[in-house]
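Colleague: any chance you could fold what I've pasted below:
(chains A and B)
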Protein chains: 2
Amino acid sequence: MVIFKEIKPLKAYLNAQGAAANSIGFVPTMGALHEGHLSLIKASKAQNTVTVCSIFVNPTQFNNPTDLEKYPRTLPQDSAMLEKAGCDVLFCPEVSEMYSEPQQLAFDFGHLDKVLEGEFRPGHFSGVALVVAKLFNIVRPHRAYFGQKDFQQCKIVSKLVEELKFDIDLIFVPIVREPSGLAMSSRNARLSEEGKKKASILYQCLQDARYQLLQGKSFSEMKKMVQLLCSQQNIRLEYFALADRVNFTLLENVTKPDQALLLIAGYVEEVRLIDNIYLTDK
Amino acid sequence: MVIFKEIKPLKAYLNAQGAAANSIGFVPTMGALHEGHLSLIKASKAQNTVTVCSIFVNPTQFNNPTDLEKYPRTLPQDSAMLEKAGCDVLFCPEVSEMYSEPQQLAFDFGHLDKVLEGEFRPGHFSGVALVVAKLFNIVRPHRAYFGQKDFQQCKIVSKLVEELKFDIDLIFVPIVREPSGLAMSSRNARLSEEGKKKASILYQCLQDARYQLLQGKSFSEMKKMVQLLCSQQNIRLEYFALADRVNFTLLENVTKPDQALLLIAGYVEEVRLIDNIYLTDK
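Modeller: Predicted coordinates:
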């Protein structure tokens, strides 16, 4: 695996590989890699001749400075994991390589960045879109891979690619879970063993609510159930929502089960976690 | 000259030309071409193996629907002019090829899109950035050419390229003027002969103000002079401003003449015109 910290030599390397003629698969990450990330690398390797992974803890997508500061950074382990997984190129730039001062550009995605994650993390998706657009222009991939745990992010990136006419196929890869059901996340590293057990309740909430919604229970009942469960377990619930998978409008009732998903966000041991589940497997 | 109305065949053509390996020069326009545009084509031909011109009256950059409706559209003449100028490729898409519904993405450039043109044309620069980003991703040029008449637009595009890490060299080409001094503009086609004469006063204002500022007169005096001149001639002045060329902050006094420029915008016969001039030729 070849490692680059700077844009110019990375671009020169990819050009010299004739990578434009072949296919480049790209997996943008913030590091602290886990099985979820490796499933993206695996998907990219199966479809492309060159797989590029980026590790960059992007400051503009953190609305909370403490969250940015505490975000796990484990580059040596990450690098070893990527090497083992057969990743071809690692791009891990410093902030100064990615951002010039003063930062002046922001994105507005309308409804899509105002609800759920957008409501609780103002500016987050503008920062995501900014760094993804930068990385797309640097790496110029044919395909890019994102995890479905960040479902709303997948919608944002889809919109970005559609609106800015990036010639990139997006592949969204299903969530990888711990045996307990807890969705894999870099932030899990900040949880105690007890915290991890507690955090798996988020997925249980999603599963229970899905089951009962499909049995005909109302979403408002489900909301109450989830609120109660979380408060009993000392999980500070931020949202529990039902949304349309396609246009991401928030729903109060299930009308088209095949197009609906449930999303949840909450704090366990002061660590913010998110998860989601499709209402049907279709 | 090869003409494309759709993105896919344009991209296929440019790829087949091995254009990525050579150099693509790109001149984005809204048509109604004049000598100013041709100077951009000429500059591109001198530096690149393939020159691509786009003609697209971009709806998202028009804050005023009447302005959009009345914007001159002269595709057959434009096409003949480009052919004669030696342009290699013309891309003239329909709106539906460039925009999908619903339109949801907007850009915010902070200060840069809030002053002068940004103040009087809210949303204008977001629309400019959006269409330029689309076109850059479609054409993937090595160099792109813009006219300095739209000076603030040049700053916006510079910021866009810098922030989104587009690997494109920007070339800003000096204003081309009528013998009267009137800056060439597609909108001039909407002026009567008398209107054109009157419109040349905008440039006279800029020249007079430059001369007197360099003689030590204050900018506030110049403002009064320009306001008086315009009102006498029935020109509805929108702004007359002194700005820093580099960071585009508005100035109240000349401190560094080599870094200053004067900008003006006003209505002649209900046609909105803009112009600008450097305070020194450096």
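
Colleague: chain center to the worst-scoring helix or strand of chain A on mean pLDDT, what's the gap?
Modeller: For chain A, counting by mean pLDDT, DSSP states H and E, helix A:65-70 ranks last in confidence among helices and strands (a mean of 92). Counting by Cα atoms, centre = their mean, to the nearest Å, helix A:65-70 is centred 17 Å from the centre of its parent chain.

Colleague: cool, and stretch A:141-158?
Modeller: Distance, stretch centre to chain centre, for stretch A:141-158: 7 Å (Cα atoms, centre = their mean).

Colleague: end to end, how far does stretch A:63-79 reach?
Modeller: The first residue of stretch A:63-79 is 27 Å away from its last residue (Cα to Cα, to the nearest Å).

Colleague: okay, buried residues for that stretch please.
Modeller: Within stretch A:63-79, the residues scored as buried using 16 or more other Cβ atoms under 10 Å in any protein chain shown are A:67, A:71-72, A:78-79. Using the backbone N, CA and C atoms, a C-beta is placed for each residue, glycine as well.

Colleague: picking up where we left off before, what helices and strands are in contact with the helix or strand just after the least confident helix or strand of chain A?
Modeller: Scanning the chain past helix A:65-70 towards its C-terminal end, the next helix or strand to appear is helix A:75-85 (assignment: DSSP states H and E). Packed against helix A:75-85, as judged by 3 or more Cβ pairs under 8 Å, 6 or more residues apart in numbering or on different chains; DSSP states H and E, are the following elements: helix A:35-47, strand A:50-55.

Colleague: now tabulate these in a markdown table and tack on mean pLDDT and distance to chain B.
Modeller: Supplementary listing: the helices and strands packed on helix A:75-85 in a markdown table, determined by pLDDT from 0 to 100; distance: least, Cβ to the nearest Cβ, whole Å:
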| stretch | mean pLDDT | distance to chain B |
| --- | --- | --- |
| helix A:35-47 | 98 | 20 |
| strand A:50-55 | 97 | 12 |
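
Colleague: most tightly packed of the ones you listed?
Modeller: Comparing these by mean neighbour count (mean count of other Cβ atoms under 10 Å in any protein chain shown), strand A:50-55 ranks first with a mean of 26.

Colleague: residue boundaries of the strands in chain A?
Modeller: Assigned by DSSP state E, chain A shows strands spanning A:2-4, A:24-29, A:50-55, A:89-91, A:106-108, A:143-147, A:169-173, A:236-244, A:250-251, A:260-268, A:271-278.

Colleague: among the ones you listed, which is nearest B:Gly216?
Modeller: The stretch from the strands of chain A with the least distance to B:Gly216 (Cβ to Cβ) is strand A:106-108; that distance is 40.8 Å.

Colleague: just checking, what's the longest helix in chain A?
Modeller: Scanning chain A for the longest helix, with DSSP state H as the assignment, gives helix A:193-214.

Colleague: how much does it deviate in direction from strand A:236-244?
Modeller: With axes from the mean of the first three to the mean of the last three Cα atoms, to 10 degrees as the basis, helix A:193-214 and strand A:236-244 are set at 30 degrees to each other.

Colleague: can you give me the end-to-end distance of stretch A:160-178?
Modeller: 31 Å.

Colleague: please identify the buried residues of it?
Modeller: Under 16+ other Cβ under 10 Å, the buried positions of stretch A:160-178 are A:160-161, A:163-166, A:168, A:171-173, A:175-178.

Colleague: tell me where the model's unsure across chain A.
Modeller: A:19-21 (pLDDT under 70).

Colleague: spatially central residue for it, please.
Modeller: A:Asp150 (3.5 Å; Cα atoms, centre = their mean).

Colleague: wait, A:Phe146 touches A:Ile175, no?
Modeller: No - when contacts are counted by Cβ atoms under 8 Å, A:Phe146 is not listed as touching A:Ile175 (11.4 Å).

Colleague: thinking again about what came up before, which pair of the buried residues of stretch A:63-79 spans the longest distance?
Modeller: Using Cβ to Cβ, the buried residues of stretch A:63-79 span at most 23.6 Å, a distance reached by A:Asp67 and A:Ser79.
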